[in-house]
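In: 3D model of this:
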Amino acid sequence: MMKMLLLLVALLSAALPASAAPPTCYSRVLSLSKEITESFKELQTSKTVDSCVETLPRLYLDIHNYCVLAKLRDFVAYPGCDRLVEVDELKEKARSLYTILISYCRRDLVFLTDDCNALEIPISPPIEHSITES
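Out: As a prediction, the model looks like this:
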């Protein structure tokens, strides 16, 4: 009986995907912030961009920066572009991220900075040079 139970447990653990563990608060917040930032970039570069999109507050998110809370609040409360479905969807994602940050993950996250200007002008990742360029 014990062998059958062990065999059953072994088969079930082999059948489950490696990522069966639930996401942590940090991983959920990080993935949602990246998703929001990318969606905002796509919205701005869309060929069918509405003129009101150009007036939206910039939406570069760094969840390690305490100012991200104010940035999300400002974006969600911004009155422009309410007629665009894409903007409404983006605002809803931003609202969800804000709720997760201030309630569910409030004790789990550590903010490393409170530099609000860093959220206005994001730092580009360094360009890697190949060995042949040197």
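In: nearest residue to residue 88 other than its sequence neighbours?
Out: residue 82 (6.9 Å; CB to CB, 6 or more residues apart in numbering). No exception for glycine: its C-beta is placed from N, CA and C like everyone else's.
In: lowest-pLDDT helix or strand in the protein?
Out: Taking mean pLDDT, DSSP states H and E as the measure, the chain has helix 2-15 as its least confident helix or strand, at a mean of 63.
In: next SSE after that helix?
Out: Along the chain past helix 2-15, the next helix or strand (assigned with DSSP states H and E) turns out to be helix 25-45.
In: now that following helix: how far from the chain's centre is it?
Out: 4 Å (CA atoms, centre = their mean, to the nearest Å).
In: need the next SSE after that helix, C-terminal direction.
Out: With DSSP H and E, the next secondary element past helix 25-45 is helix 68-77.
In: who's in contact with the most centrally placed residue in the chain?
Out: With distances taken as CA atoms, centre = their mean, residue 33 lies nearest the centre of the chain, 1.2 Å away. In this structure, residue 33 makes contact with 61, 62, 63, 68, 97, judged by CB atoms under 8 Å, 6 or more residues apart in numbering.
In: the second one: neighbour count?
Out: Translated: residue 62. The burial metric for residue 62, expressed as a neighbour count using other CB atoms under 10 Å, is 19.
In: got the contact list for it?
Out: By CB under 8 Å, 6+ apart, the contact set of residue 62 is 33, 68, 118, 119, 122.
In: from these, list just the buried residues.
Out: Of all those considered here, the ones buried according to neighbour count by 16 or more other CB atoms under 10 Å are 33, 68, 118, 119.
In: before we move on, back to that, what would the contacts of residue 62 look like in CSV with distance to residue 109 and pLDDT?
Out: Formatted as CSV, the entries for the contacts of residue 62 read as follows, by distance: CB to CB, whole Å; pLDDT from 0 to 100:
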residue, distance to residue 109, pLDDT
33, 11, 93
68, 10, 92
118, 17, 84
119, 16, 83
122, 20, 59
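In: which pair in the residues you listed spans the largest distance?
Out: The most widely separated members of the contacts of residue 62, counting by CB to CB, are 33 and 118 (14.0 Å).
In: what bits of the chain have low per-residue confidence?
Out: Judged against pLDDT under 70, the low-scoring parts of the chain cover residues 4-22, 122-134.
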